[in-house]
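Undergrad: Have a look at this prediction, sequence included:
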Amino acid sequence: NPRYYSSRHGDGADTDWFMAFGKNLSEWISGNSMHSLAEIIDINMSAIDDVAYPMILGVEYLLTGGVSDVLIPYMVKSILGACCAIFAYRITKRHFGDGAARIAAIFVCLNPNIIYWCGTMMKEAEMVFFCCLAVDKFDEVLSSGQRLTLRALWPGLLAGLVLFFMRTVVGLALFMAVFTHIVFSSRRILSIGKKIVLGLLIVTTVFIAIGDRTISQAKGYLEMVQSDTQKTNMEWRSSSSGNTFAKYAGTAVFAPLIFTLPFPTLNVANEVQYTQMQLSGGSFIKNIFSFFVIIVMIQFLITGEWRKHVFVIAYTCAYLVVLVFSAFAQSGRFHMPIWPMLMIFAAYGVQLAKRDKKMRRWFTY
């Protein structure tokens, strides 16, 4: 319905700009543009983490001769979404065995919100793919106990660097998780000297590749956290969206609920919230899954088993902490980069519930 949706392919403010940027890049690659690459980026780019997705679109438009603005990208997004289920299976199998891995793959494969974003021209499908790819490649090396060399780490590094050009905080969360794993890894695997050298190597690789723009964006995000941006945003939602209780939401509310958020809109709040209503079923599923995720996290803390899964837990929690302090804790779109990780933990929780009657009883409550 045009009253509800500004574009058939997602949020028109984003998708129209993404597609136009992609076409400009495609014309430049083929030599048919009157502008240089620097001029095209300067004209179109609003932030460093807006570059990667239009570049992907530009290559797709070039290779397909611009046959369609959306058809080929939708097909590519569907393939990338399917790959996410494979990555989820691989990660889960390494940590929790084949049974949980099969459950995780099914959860990701049939997740309605992942399917939804594969059917829009927003960048979420590609971003979730690169998140899963980076986590899988890093986890493959970090969990195996093999020597951590640049040669072994380069696939994860490359995928991680792409994330900096899709959403900066996702890339920061990923590499923060790598550092956390290095710090907590056993000395039998990595001596203190090797930890320091490897940490410096990764820092150097990342910042040579991404430059000062990402640093300035990270500083800008820190300044936003220290300001009242979240409070202002919630007060605006309170007056504009019809939810008068929104103004009371903030970090203190979001922190204990962050595994469960976003809470879905199950009725027609207003016409502006049409996308949120379309995604409400998927958000409700996430609310249900969060029970198993929270139970698993508590068990990890009690048993000390978290040391076996440091990297995946650190990546998930690091990004969730970012959301807690941001204005997007209740935005389902901004939760997408860690949805597959949450479904991995939920799959393990479901497997535990099959054997634990007490857990099943708590789930019923």
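TA: Arrived safely.

Undergrad: for the helix or strand A347 falls within, which positions count as buried?
TA: Per DSSP states H and E: A347 is located in helix 339-355. Within helix 339-355, the residues that count as buried by 16 or more other C-beta atoms under 10 Å are 339-353. C-betas here are computed from N, CA, C, even on glycine.

Undergrad: just the residues you listed now: which is nearest I302?
TA: For these, the minimum distance to I302 (C-beta to C-beta) is 12.9 Å, reached by L352.

Undergrad: hmm, back to that, quick one: contacts of the helix holding A347?
TA: Contact with helix 339-355 is made by 84, 87-88, 91-92, 95-96, 99-101, 103-104, 107-108, 111, 113-114, 128, 131-132, 135, 259, 286, 289-293, 295-297, 299, 312, 315-316, 359-360, 363, as judged by C-beta atoms under 8 Å, 6 or more residues apart in numbering.

Undergrad: S283 is in contact with P262, correct?
TA: Yes - with contact defined as C-beta atoms under 8 Å, P262 counts as touching S283 (5.3 Å).

Undergrad: who's more crowded, these two?
TA: P262 (24 against 21; other C-beta atoms under 10 Å).

Undergrad: list the contacts for the more buried one?
TA: Each residue near P262 by C-beta under 8 Å, 6+ apart is listed here: S283, K286, A329, Q330, S331, G332, H335.

Undergrad: State the distance from G119 to M75.
TA: 11 Å (C-beta to C-beta, to the nearest Å).

Undergrad: Now I295: which helix or strand?
TA: Using DSSP H and E, I295 maps to helix 280-303.

Undergrad: so what does that helix touch, helix or strand wise?
TA: helix 112-117, helix 332-335, helix 339-355, helix 357-364 (3 or more C-beta pairs under 8 Å, 6 or more residues apart in numbering; DSSP states H and E).

Undergrad: Tell me which of the ones you listed sits nearest to G10.
TA: Among the helices and strands packed on helix 280-303, helix 112-117 sits nearest to G10 (C-beta to C-beta), with 8.5 Å.

Undergrad: Go ahead and produce CSV holding the CA coordinates of the closest one.
TA: The C-alpha coordinates for helix 112-117 follow below in CSV (Å, rounded to 0.1, in the frame of the first residue of the first chain):
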residue,chain,number,x,y,z
PRO,A,112,11.0,-15.0,8.5
ASN,A,113,12.9,-11.8,9.1
ILE,A,114,16.0,-13.1,7.3
ILE,A,115,13.7,-14.1,4.4
TYR,A,116,12.1,-10.7,4.5
TRP,A,117,15.4,-8.8,4.2
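
Undergrad: and the direction of the very next helix or strand once past it versus that of helix 339-355, what angle?
TA: Using DSSP H and E, the helix or strand that follows helix 112-117 in sequence is helix 124-142. Angle between the axes of helix 124-142 and helix 339-355 is 60 degrees (criterion: axes from the mean of the first three to the mean of the last three C-alpha atoms, to 10 degrees).

Undergrad: Check which helices and strands helix 124-142 sits against.
TA: Secondary-structure packing of helix 124-142 (3+ C-beta pairs under 8 Å, 6+ apart): helix 52-63, helix 71-96, helix 112-117, helix 150-164, helix 168-184, helix 310-324, helix 339-355.

Undergrad: thinking again about what came up before, mutual contacts of P262 and S283, please.
TA: Common contacts of P262 and S283, defined by C-beta under 8 Å, 6+ apart, comprise G332.

Undergrad: Out of the buried residues of helix 339-355, flag the one nearest to I56.
TA: I56 lies nearest to P340 out of the buried residues of helix 339-355, by C-beta to C-beta, at 19.4 Å.

Undergrad: Tell me the buried residues in the helix holding I295?
TA: 280, 282-283, 285-287, 289-297, 299-300.

Undergrad: what's it in contact with?
TA: Under C-beta under 8 Å, 6+ apart, the answer for helix 280-303 is 107, 111-113, 116, 259-260, 262-266, 305-306, 309, 313, 332, 335, 339, 342-343, 345-350, 352-353, 359, 362-363.

Undergrad: Just the mean pLDDT for it, thanks.
TA: In this model, helix 280-303 has a mean pLDDT of 94.

Undergrad: do stretch 179-194 as well
TA: Stretch 179-194 comes out at a mean pLDDT of 69.
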